[in-house]
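Colleague: Pasting the sequence and the predicted coordinates here, then a few questions.
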Amino acid sequence: MDLKKKCLSDPVIKWVFSTVNKDIYLVGGYVRDIFAGRLSKDRDFVFKGDTKRLAGRTANKFNGTVIELQKDQTYRVALRDNGFVDFSKCLKDNIEEDLQLRDFTLNAIAWSPHTGIIDPCRGIRDISGKLIRIIDPKNIKDDPLRILRAYRIASELQFKISNTAAQYLQRYSKLILRSAPERITEEVIRMLNCNNAADYIKLSWKHNVLVHVMGVSRLQLNKNIKLIKRLETTMNVLDNSYKSRKLSLMLDHKFSQGLTIAGLIKLFLLTYSNFDNFCLLKKIKLSGKNYKKLQQIYNSSQSVKGMLTNSKLLKFFSAADDSAYEAVVVLTIIRKRSDLMELINRAERYLKIKSSNLLNGDEIINILKIKSGPEIGEIIDNIKQRQYEGLIRNKKDTQRI
């Protein structure tokens with residue numbers, strides 16, 4: 001493998017090494033993912049110099065934004081392509097000792113054009129063996145977020161967590177509550193975005209980690225993880241039809257905070273209890289957009305009971321509003337329905353009707369010779385309902401109202 005060629009093909013990495021020619025190393029996820037056969041947008045550097053100044057210069061060069069993660073030590077540059085460049089101060093006399101402070105062996109690999117690969121913890125061996133091992137349990141206690149990160153990395157790479165590592169993750173699981181909600185949220189989002197996250201979410205449940213993050217009982221979490229597994233199975237068996245491809249693209253779309261629509265649905269299922277008790281998130285900080293969509297899905301799930309009729313479906317879609325597609329996916333998963341694509345088609349029809357009016361308010365006033373008032377909105381809603389039921393198809397049909 002030509003690691004130098006792969007690293008320097010990235011314009012940001014190439015610029016950093018050409019700007020600072022010594023005492024700086026590319027570390028962590030970017031190097032790890034190259035050995036794992038993946039491409040990462042996140043670049044992490046360890047630097048013996050002024051990390052704040054270097055982050056500022058990088059942001060100016062690539063039109064990024066500097067975020068202080070740890071005062072006088074770690075600074076992040078958020079790039080326009082949603083990638084990150086992190087600059088951390090070297091805390092030891094040399095890079096080998098600094099790497100010993102990291103979380104897992106596969107993240108303790110460094111590289112620079114001048115030194116080549118530096119791998120004091122045999123991380124490359126563990127990547128080859130698809131294994132996550134802890135460097136030192138003390139490192140986990142010092143930063144408990146690393147507990148959650150183990151499952152996130154495992155789900156992204158489809159790696160196994162070593163038995164020894166699993167024992168320490170479980171032993172220190174309560175310490176995760178010390179971590180800032182924003183950092184927990186980032187790890188949870190990245191794990192939920194994985195196509196096959198259910199198995200690793202289940203593993204974190206077994207190790208008693210997840211219960212400290214979510215506001216759901218351990219027993220209910222186990223049931224909810226099965227719903228996520230059902231969702232992932234459904235997504236994996238979608239056929240190659242145009243409608244299915246369109247649905248897959250919608251589910252893969254990153255909506256807010258980097259969370260995909262599929263990830264958002266998994267989050268809803270993970271916090272799901274029953275239609276009468278929506279479980280609030282305990283240690284997750286969501287954007288207003290994400291919370292609104294979760295609320296719309298919840299509202300729709302509350303709106304219907306029993307058999308789905310046309311009138312009930314219309315009520316269901318009205319409650320879901322702009323989240324009609326997501327609500328349909330949740331409904332089919334929770335009720336174990338096999339008519340996902342049929343309901344997606346109905347949701348599409350509802351959204352088309354919702355976005356256009358056969359008659360606007362002024363036309364209704366002129367036709368019925370009435371004054372403006374709340375009844376105009378009721379008439380428009382009535383027209384839309386009859387459109388959805390197939391009783392009205394054009395303006396001429398509205399005369400039968």
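Modeller: Arrived safely. Numbering: from 1, shown residues only.

Colleague: can you map out the helices along the stretch 301-401 of the chain?
Modeller: Using DSSP state H, counting those that start in this stretch, the helices of the stretch 301-401 of the chain run over 310-320, 324-334, 340-354, 361-368, 374-388.

Colleague: Out of those, the one nearest residue 121 is which?
Modeller: In terms of Cβ to Cβ, the element of the helices of the stretch 301-401 of the chain nearest to residue 121 is helix 324-334, at 41.2 Å. Every C-beta, even on glycine, is put in place using the N, C-alpha and C of the backbone.

Colleague: Look at residue 233 and say how many residues are nearby.
Modeller: 12 (other Cβ atoms under 10 Å).

Colleague: My error: substitute residue 127 in the last question.
Modeller: Here the number of neighbours of residue 127 (other Cβ under 10 Å) works out to 23.

Colleague: any weak-confidence spans in the protein?
Modeller: Filtered on pLDDT under 70, the chain yields the residue ranges 1, 274-282, 355-364, 367-369, 377-401.

Colleague: Could I get the phi/psi values of residue 51?
Modeller: Main-chain torsions, residue 51, degrees, to the nearest 10: phi -70, psi -30.

Colleague: nope, residue 252 is what I was after
Modeller: The phi/psi pair for residue 252 (degrees, to the nearest 10) is phi -80, psi -10.

Colleague: Who's the closest spatial neighbour of it, skipping the chain neighbours?
Modeller: residue 260 (5.8 Å; Cβ to Cβ, 6 or more residues apart in numbering).

Colleague: Now find how far off-centre the host helix or strand of residue 262 is within its chain.
Modeller: Assigned by DSSP states H and E, residue 262 belongs to helix 261-270. Helix 261-270 has its C-alpha centroid displaced from the chain centroid by 8 Å (Cα atoms, centre = their mean, to the nearest Å).

Colleague: Alpha carbons only: can I get that helix in CSV?
Modeller: Coordinates of each C-alpha in helix 261-270 appear next as CSV, following Å, rounded to 0.1, in the frame of the first residue of the first chain:
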residue,chain,number,x,y,z
ILE,A,261,-33.6,10.0,7.6
ALA,A,262,-33.0,6.3,8.3
GLY,A,263,-31.0,7.2,11.4
LEU,A,264,-33.7,9.5,12.6
ILE,A,265,-36.3,6.7,12.2
LYS,A,266,-34.0,4.3,14.2
LEU,A,267,-33.8,7.0,16.9
PHE,A,268,-37.6,7.1,17.1
LEU,A,269,-37.8,3.3,17.3
LEU,A,270,-35.0,3.3,19.9
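
Colleague: That helix packs against which elements?
Modeller: With contacts taken as 3 or more Cβ pairs under 8 Å, 6 or more residues apart in numbering; DSSP states H and E, helix 261-270 sits against helix 181-192, helix 218-236, helix 242-252, helix 288-303, helix 324-334.

Colleague: and with 6 Å instead?
Modeller: If contacts are counted by 3 or more Cβ pairs under 6 Å, 6 or more residues apart in numbering; DSSP states H and E, helix 261-270 sits against helix 181-192, helix 218-236, helix 242-252.

Colleague: Name the residues of the first one that are buried.
Modeller: In this case it means helix 181-192. Within helix 181-192, the residues that count as buried by 16 or more other Cβ atoms under 10 Å are 181, 183-192.

Colleague: Check the shortest one too.
Modeller: Going by neighbour count (16+ other Cβ under 10 Å), the buried part of helix 242-252 is 244, 247, 250-251.

Colleague: now swap in the longest one and tell me
Modeller: Within helix 218-236, the residues scored as buried using 16+ other Cβ under 10 Å are 220-221, 224-225, 227-232, 235.

Colleague: surely residue 7 meets residue 14?
Modeller: No - Residue 7 lies out of contact with residue 14 (Cβ atoms under 6 Å); the separation is 8.0 Å.

Colleague: coming back round to it: including distance to residue 167, could the buried residues of helix 218-236 go into CSV?
Modeller: Formatted as CSV, those follow (distance: Cβ to Cβ, whole Å):
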residue, distance to residue 167
220, 26
221, 21
224, 25
225, 22
227, 29
228, 25
229, 25
230, 30
231, 30
232, 28
235, 33
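
Colleague: Residue 7 and residue 14: which has the busier surroundings?
Modeller: Taking neighbours as other Cβ under 10 Å, residue 7 and residue 14 compare with residue 7 leading, 19 against 13.

Colleague: Let me know the helix or strand that that one is in.
Modeller: Here residue 7 sits within helix 3-8, counting by DSSP H and E.

Colleague: just checking, next helix/strand downstream of that helix?
Modeller: Using DSSP H and E, the next helix or strand after helix 3-8 towards the C-terminus is helix 11-19.

Colleague: Tabulate the CA atom coordinates of stretch 72-88 in CSV.
Modeller: The C-alpha trace of stretch 72-88 is given here as CSV (Å, rounded to 0.1, in the frame of the first residue of the first chain):
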residue,chain,number,x,y,z
ASP,A,72,-5.3,25.8,24.3
GLN,A,73,-5.1,22.1,23.2
THR,A,74,-7.6,21.0,20.6
TYR,A,75,-9.2,23.0,17.8
ARG,A,76,-11.5,21.8,15.0
VAL,A,77,-11.9,23.3,11.5
ALA,A,78,-15.3,22.5,10.1
LEU,A,79,-15.1,22.4,6.3
ARG,A,80,-17.8,23.1,3.7
ASP,A,81,-17.9,19.5,2.6
ASN,A,82,-19.0,18.5,6.2
GLY,A,83,-15.5,17.1,6.9
PHE,A,84,-13.4,18.1,9.9
VAL,A,85,-9.7,18.9,10.5
ASP,A,86,-8.7,18.5,14.2
PHE,A,87,-5.4,19.8,15.6
SER,A,88,-4.4,18.5,19.1
